[in-house]
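**Student:** test case, fold it:
(one chain, ligands or ions: 1)
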Amino acid sequence: MSKVNKTHAQWSNRFAYILAATGAAVGLGNIWKFPYIVGENGGGAFVLVYLFCIAIVGVPVMIAEVYLGKKGRQSPMRAVATIAKQYSVSNCWKYAGGMGVAAGYLILSFYAVIAGWACAYVLQSATGQFDNATPAQIQTGFAELTSSPLTLIGWTTFMLAITAAVVAKGLQQGLERCVRYMMPAMFILLLVIAGYSASYGDFSQALSFMFEPDFSKLTVHAVLEALGHSFFTLSLASGVMIMYGAYLPDETSIVKTSIWIAIADTLVALLAGLAIFPIVFENNLTPSAGPSLIFETLPLAFGQMPGGQIIGTVFFVMLVFAAFTSAIALIESSVAWFVEKKGYGRVASAVLSATGLWLLSLLSIFSFTGATWANFDIMSLQFSLFDVIDKLTSNIMLPLGGLLIAIFVGWKVRQNDLAAELKLPENAFKLSFILLKYVTPAIVLIVFIYMTRIINLFK
Ligand code: TRP
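**Tutor:** Residues are numbered from 1 along each chain as shown. Predicted structure coming up:
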């Protein structure tokens, strides 16, 4: 996985690709972010819109991105540029790929901070700090962690350093092998935790919260958030799927693998919700607690279930790993950019990239520690630099990137070429093509236009 523009580098088989792409897709977005945005946006109706976005927008865009990678066989910008040239369309389309690289970079700047929280929780869990703890104690513990800049900087530095080290050394292959066991294990563990939550927590209220849509709670902003998150969670519009597609063996079906990745990703997110919300309702916690949600709920379950100290520790280790495999994919495109564009070596590129990320991560860290320069109150809207980076990427850059990719593949690539590659039955192809060409751009545009009219993109 180290040389992006080697045309002959390939995944050893279809399964290796699915695992690596699922490893990139499944991460903090599923286990940390999904539950808290479901909580913030009122539950069922949001989940329904989210599932709709994954199926109608996410999967077609994923197919388009992997197609671009497979045909272009290079890093995102170059792959798009090559294909643009082939169809004699403007070279500017390559910036759709370039924006993805920038979005990935910004995402990693806060992703590493949250992964750092998970690292801290591994230690806390292993040392028994959650044993029989009350909700108040756990909340205080979380507040202490997130208000201590030095601790946060320490863990973030650790995450960025190991990410850069692995990418510099090109050790991903070894890591992918490790993930092969971690991913299924994590799935099983989530099932166990969800099972425990179901019996100990208020499962029926959790079920009705997550799956009984109450459309009166759905705002336009929630729709944008669901759309943005469907891109975030599938790792779309951030360069990686184009990059991974570049290594896809010729005979692998883009459509089938994309659907599998989307299903696996969605299942993990839903399971995380089912593990968390029963605990929330049982303990009268607020579902709309925000980014702290899983860190304030799961420890409660671990503190009370038999063997919770071990299960909790293993869970947070896996969460760190899930974040880590995503972090590696996130940093890869910026490292590749330094290597290709600037001609630096891999090690120098990884160090440069990580240093920039470290500086950027300070913006998020100080947002959490409450530093006034990182938190604003403008026109009664309260937001932090973390909110700005999070919303700028998820709610603006990713949907915009997805829109451009859908337009590029739907309108600029010759339909017959796409059909020849996707090898779908005629009606299925027609349907996917219509989704990509008309439905995806229309949905993203409509949501954008609505949002700019009420200008609360950053809410
Ligand atoms: N999908 C990842 C998650 O849900 C986050 C992510 C977004 C990502 N874009 C990416 C990961 C690009 C790797 C590469 O946690």
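**Student:** please count neighbours and contacts with C-alpha atoms only from this point.
**Tutor:** Noted.
**Student:** which parts of stretch 286-306 are buried?
**Tutor:** 287-288, 290-305 (16 or more other Cα atoms under 10 Å).
**Student:** measure it end to end?
**Tutor:** End-to-end distance of stretch 286-306 (Cα to Cα, to the nearest Å): 25 Å.
**Student:** is any residue of that stretch near the ligand?
**Tutor:** No - using Cα under 6 Å from any ligand atom, stretch 286-306 stays clear of the ligand, with a minimum separation of 13.5 Å.
**Student:** burial measure for the nearest residue to L360 once chain neighbours are set aside, as a count.
**Tutor:** Closest residue to L360 in three dimensions, ignoring its sequence neighbours and counting by Cα to Cα, 6 or more residues apart in numbering: S109, at 5.7 Å. Other residues lying near S109 total 29 when counted by other Cα atoms under 10 Å.
**Student:** what's the helix or strand where S109 lies packed up against?
**Tutor:** Using DSSP states H and E, the element containing S109 is helix 94-126. The elements that helix 94-126 packs onto, with contact taken as 3 or more Cα pairs under 8 Å, 6 or more residues apart in numbering; DSSP states H and E, are helix 28, helix 76-86, helix 149-169, helix 308-337, helix 346-369, helix 385-391, helix 398-407.
**Student:** that one: which residues count as buried?
**Tutor:** Buried-residue list, helix 94-126, by 16+ other Cα under 10 Å: 94-122, 124-126.
**Student:** show me which residues of the stretch 101-250 of the chain are close to the ligand?
**Tutor:** Checking the stretch 101-250 of the chain against the ligand by Cα under 6 Å from any ligand atom, the hits are 104, 232-236, 238, 240.
**Student:** distance check, T393 against S288.
**Tutor:** Taking Cα to Cα, one finds T393 at 21 Å from S288.
**Student:** look up how far I56 lies from the closest residue to E40 other than its chain neighbours.
**Tutor:** Closest residue in space to E40, ignoring its immediate chain neighbours: S288 at 4.1 Å, by Cα to Cα, 6+ apart. According to Cα to Cα, S288 stands 27 Å off from I56.
**Student:** same check, this time on L400
**Tutor:** 16 Å.
**Student:** swap in P135?
**Tutor:** For P135 relative to I56 (Cα to Cα), the value is 39 Å.
**Student:** which parts of the host helix or strand of V444 are buried?
**Tutor:** Under the criterion of DSSP H and E, V444 resides in helix 440-454. By neighbour count with 16+ other Cα under 10 Å, helix 440-454 contains the buried residues 440-441, 443-444, 447-448, 451.
**Student:** packing partners of that helix?
**Tutor:** Using 3+ Cα pairs under 8 Å, 6+ apart, helix 440-454 sits against helix 220-233, helix 398-407.
**Student:** what's the average pLDDT for the longest one?
**Tutor:** Model confidence over helix 220-233 averages 94 on the pLDDT scale.
**Student:** please name every helix or strand in contact with that helix.
**Tutor:** helix 44-53, helix 398-407, helix 440-454.
**Student:** ok, now with 7 Å
**Tutor:** helix 44-53, helix 398-407 (3 or more Cα pairs under 7 Å, 6 or more residues apart in numbering; DSSP states H and E).
**Student:** let me know the closest of the buried residues of helix 440-454 to the ligand.
**Tutor:** V444 (17.8 Å; Cα to the nearest ligand atom).
**Student:** the helix or strand of the chain with the lowest mean pLDDT vs helix 308-337, what angle?
**Tutor:** The weakest-scoring helix or strand in the chain, judged by mean pLDDT, DSSP states H and E, is helix 172-200 (a mean of 81). In terms of direction (axes from the mean of the first three to the mean of the last three Cα atoms, to 10 degrees), helix 172-200 departs from helix 308-337 by 140 degrees.
**Student:** off-centre distance for helix 172-200?
**Tutor:** Computed by Cα atoms, centre = their mean, to the nearest Å, the chain-centroid distance of helix 172-200 equals 17 Å.
**Student:** next SSE after it?
**Tutor:** Immediately after helix 172-200, counting by DSSP H and E, sits helix 203-211.
**Student:** need the residues that contact that following helix.
**Tutor:** For helix 203-211, contacts defined as Cα atoms under 7 Å, 6 or more residues apart in numbering pick out 43-44, 47, 274, 277-278, 281.
**Student:** before we move on, the earlier item: next structured bit after the helix holding S109?
**Tutor:** helix 135-146.
**Student:** tell me the helices and strands packed up against that next one.
**Tutor:** Counting by 3+ Cα pairs under 7 Å, 6+ apart, helix 135-146 packs on helix 293-304.
**Student:** change it to 8 Å
**Tutor:** Using 3+ Cα pairs under 8 Å, 6+ apart, helix 135-146 sits against helix 149-169, helix 293-304.
**Student:** indicate which one of those is closest to A64.
**Tutor:** helix 149-169 (26.2 Å; Cα to Cα).
**Student:** next one: the closest one to chain centre, how far?
**Tutor:** 19 Å.
**Student:** then stretch 90-98?
**Tutor:** Using Cα atoms, centre = their mean, the offset of stretch 90-98 from its chain centre is 23 Å.
**Student:** and that stretch, C-alpha only, in CSV?
**Tutor:** Output of stretch 90-98 as CSV, limited to C-alpha atoms (Å, rounded to 0.1, in the frame of the first residue of the first chain):
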residue,chain,number,x,y,z
SER,A,90,-11.3,20.3,-18.0
ASN,A,91,-8.3,19.4,-16.0
CYS,A,92,-9.9,21.3,-13.1
TRP,A,93,-11.9,18.2,-12.2
LYS,A,94,-8.7,17.0,-10.5
TYR,A,95,-9.4,19.5,-7.7
ALA,A,96,-12.4,17.4,-6.7
GLY,A,97,-9.8,14.7,-5.8
GLY,A,98,-7.6,17.4,-4.2
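**Student:** that one vs the ligand: in contact?
**Tutor:** No - judged by Cα under 6 Å from any ligand atom, stretch 90-98 and the ligand are separated, with a smallest distance of 12.4 Å.
**Student:** export the helices and strands packed on helix 135-146 as TSV, with columns for distance to G39 and mean pLDDT.
**Tutor:** Below are those laid out as TSV (distance: least, Cα to Cα, whole Å; pLDDT from 0 to 100):
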stretch	distance to G39	mean pLDDT
helix 149-169	25	94
helix 293-304	9	93
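**Student:** tell me which residue of the chain is furthest from the middle?
**Tutor:** In the chain, counting by Cα atoms, centre = their mean, S88 sits farthest out from the average C-alpha position, at 33.4 Å.
**Student:** looking at this, that residue is in a strand?
**Tutor:** No - according to DSSP: H, G, I helix; E, B strand; the rest coil, S88 belongs to no strand; its state is coil.
**Student:** my read is that I331 contacts S353, right?
**Tutor:** Yes - applying Cα atoms under 8 Å as the test, I331 and S353 come out as touching, 7.5 Å apart.
**Student:** which one of these two has more residues nearby?
**Tutor:** Of the pair I331 and S353, I331 is the one with more neighbours under other Cα under 10 Å, namely 25 against 22.
**Student:** okay, that one and A168: tell me how far apart.
**Tutor:** For I331, the distance to A168 - Cα to Cα - is 10 Å.
**Student:** kindly report the same for S432.
**Tutor:** 38 Å.
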